[in-house]
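Predicted model and sequence follow; I will ask about them next.
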Amino acid sequence: MDLTHAFSELGLALHATPAQAKTAYRTLAKRWHPDVNRSPDADTRMKHINVAYAAVIAHLTLRERVAAGPQPSPATPQRPAAAAARRGAARSSGFAEFDWRAGFTRVDGRQGQPTQRTLQLSLLEAAFGCVKRIRGSASDGWTLLVRIHPGTCDGAVIAPQDIRICASVQALPQTITLSVRIVKHPLFQLEQDRLSVHVPISIWRWVLGGEITVPTLDGLARVHLPPRASAVQLQNQGWPRFQQARQRLPLWVVPQRVYPAGLGDGDRRLLQALDAAARLPEVEGWKRSLQDWAESGATQAPA
C-alpha cells in the first residue's frame, strides 16, 4: 500500500496532521472493528485500515520532525576540533549521521530530496525476515541496509528504526518511505496475514477424502483431507506473527476439484454401476415427484 492509497483509505488529504489521522482512524475503527461489525468483510477492511494508519502516522511523524529542524543538544558542546574529528570518524567508519529532526543528510552536511521506494521481497524473505540492501541511482550512489522482520506483510511500511544508512554516498534523500511488495509465489497465496495453498485434486479424491501432500513454509507435509472438504487448517504452519517467527498462524489448504476431460469405456461402466447403486434422498425424492405428477394426469393436454 503506497502513501496515496493509505491517505485515501483513511479519507485524509495529503496535508493532514497526525491528530486528524488519529481521529479518522478511531472513526473507522468504531465502524469496521470485527467486535462491533459482524459483516463478512469487516475483518479484511479493518486490516487495510490498520496498514494505512501505520503508513500515514510514520510519514506524518517523520515530516514533522524534518520540518522542526535540528534542535540543540542538551549535552556539553564539543570543541570545533572534536566535532571535526567526529565527522572524520563517521566518514571512515562507513556510516553517515542520521537525525530524525533533520532527516537524511549527506556526509558533507547537505540534504537530499524526498524519496519513495518499493522494496520487493520473496515470500520466504518476508515470512522469516532478512536484511536487504537498497541502492540509489548511479548518479548519487547512496546505500541503505533495511531490516525486514519476520511476518512482514505485503504493503507494509518499513519503520525508520529498521533503516541503516551506509556512508559511501554522494547524496542521501531527506526523507524516504519504503513500502514492501511481496513477489507472487507459484505455490502459496498471501492475503494480509492469511497464507493459503490451493491444491488441485481429482473429483474422486475430493469425494473420498484421504491423504494428500501439500507444501508448507518448512517443506512438504502429509495432510488428511476429510470427504468433500472445502478447506483444512494446518495449525502453526502458516504466516508468522509480526516479529515473532516462532508463533505461526494456520496454513489454509484449499482443495480445487478437477473433473476429467474425458472417460474411457471402463470408467463409464464403473460410474454407471455407482450411479445405479447410489441411494441419494434428493434423487429418489425427485423421481417420486415425477411419477406422482405423471399419474395425476397433469401431462394430458387440455381438451
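Yep, that arrived. Not measured: the values here are computed from a predicted model. Numbers count the residues shown, from 1 in each chain.

how close does the closest residue to Tyr259 other than its chain neighbours get to Asp218?
Closest residue in space to Tyr259, ignoring its immediate chain neighbours: Ile203 at 5.3 Å, by CB to CB, 6 or more residues apart in numbering. In short, each C-beta sits where N, CA and C put it, glycine included. Separation of Ile203 from Asp218 (CB to CB, to the nearest Å) stands at 30 Å.

Could you do Glu295 as well?
For Glu295, the distance to Asp218 - CB to CB - is 63 Å.

Over to Leu249?
Leu249 is 14 Å from Asp218, by CB to CB.

So for these two, which residue has more residues nearby?
Leu249 (17 against 9; other CB atoms under 10 Å).

Does the more buried one touch Ser196 like I think?
No. Judged on CB atoms under 8 Å, Leu249 makes no contact with Ser196 at a distance of 10.7 Å.

Overlap in contacts, the two.
Taking CB atoms under 8 Å, 6 or more residues apart in numbering as the contact rule, Leu249 and Ser196 touch no residue in common.

all helices of the stretch 101-250 of the chain, in order?
Taking DSSP state H, counting those that start in this stretch to define them, one finds helices in the stretch 101-250 of the chain at 123-128, 203-208.

mind putting those helices in CSV, mean neighbour count, distance to Ile134 and mean pLDDT included?
Putting the helices of the stretch 101-250 of the chain into CSV (neighbours: other CB atoms under 10 Å; distance: least, CB to CB, whole Å; pLDDT from 0 to 100) gives the following:
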stretch, mean neighbour count, distance to Ile134, mean pLDDT
helix 123-128, 20, 13, 91
helix 203-208, 14, 46, 92
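
Reformat those as JSON lines; add distance to Gln192.
As requested, the helices of the stretch 101-250 of the chain are exported to JSON lines (distance: least, CB to CB, whole Å):
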{"stretch": "helix 123-128", "distance to Gln192": "12"}
{"stretch": "helix 203-208", "distance to Gln192": "27"}
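
What is the helix ranked longest in the chain packed up against?
Counting by DSSP state H, the longest helix found in the chain is helix 42-68. Applying 3 or more CB pairs under 8 Å, 6 or more residues apart in numbering; DSSP states H and E, one finds that helix 42-68 contacts helix 3-9, helix 18-32, strand 103-104, strand 176-182.

That one - what's its average pLDDT?
Averaged over helix 42-68, pLDDT sits at 76.

and the angle for that helix with helix 18-32?
180 degrees (axes from the mean of the first three to the mean of the last three CA atoms, to 10 degrees).

how about helix 42-68: buried residues?
Along helix 42-68, these residues count as buried under the neighbour rule (16 or more other CB atoms under 10 Å): 42, 45-49, 51-60, 62-63, 65-66.

Same check on stretch 224-244?
Leu225, Val232, Leu234, Gln237, Gly238, Trp239, Pro240.
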